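Colleague: Here is my input; please provide its structure:
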Amino acid sequence: MSESLAILLPERTLTLAGKEVVVHEYTLAEQLKYRAPLKAISDGFKALMLNSSEAEVSLDALYDLMGQLANEVIQAVAVSCGESVEWVSALTGEDSDALLMVWWGVNATFFTRSAVREKMIEMAKAQQARLIGQASSPVLSPTDTTTVHSPITQPDN
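Modeller: Model (predicted):
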């Protein structure tokens, strides 16, 4: 894989149950095809971020979320590593731990982007409204032109 493509599609290779497995970030096609399980995980991660100080999520909280969404996580992991749901489900011990950690490491930015997308859109709209408001504000004259301070010049007769 070329270096520029590796940046766009990060991946990691590991050996699990005696088999070499490549874990990759979701492609656009995968994001669309598996939207339901990926959205469930993103929404759960978003809730964790909102309920934690400074949007930091502990590993325990992340594992709790994965447990609550086990079917979605197993499907998402299977898609990311190109293996069947049955194969991923059958992993045990160090292999299952390694796959979960590598899967999260490769795809965490996807879930983080999805989790903060609404907030980013909200912030962009607020900024746009501020800019539009500034552009449409009338320009005020820096000189006071009231009659109290400005004498009226009478026309010459």
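Colleague: Show the average pLDDT along the helix ranked longest in the chain.
Modeller: Longest helix in the chain, counting residues (DSSP state H): helix 93-136. Across helix 93-136, the average pLDDT comes to 84.
Colleague: what packs against that helix?
Modeller: strand 11-16, strand 19-24, helix 35-50, helix 70-81 (3 or more C-beta pairs under 8 Å, 6 or more residues apart in numbering; DSSP states H and E). Using the backbone N, CA and C atoms, a C-beta is placed for each residue, glycine as well.
Colleague: go with 10 Å
Modeller: The contact analysis (3 or more C-beta pairs under 10 Å, 6 or more residues apart in numbering; DSSP states H and E) places helix 93-136 against strand 11-16, strand 19-24, helix 28-33, helix 35-50, helix 59-68, helix 70-81, helix 85-90.
Colleague: tell me the most buried of the ones you listed?
Modeller: Most buried of these by mean neighbour count (mean count of other C-beta atoms under 10 Å) is helix 70-81; its value is a mean of 20.
Colleague: tilt between that helix and helix 59-68?
Modeller: Relative orientation of helix 70-81 versus helix 59-68 (axes from the mean of the first three to the mean of the last three C-alpha atoms, to 10 degrees): 100 degrees.
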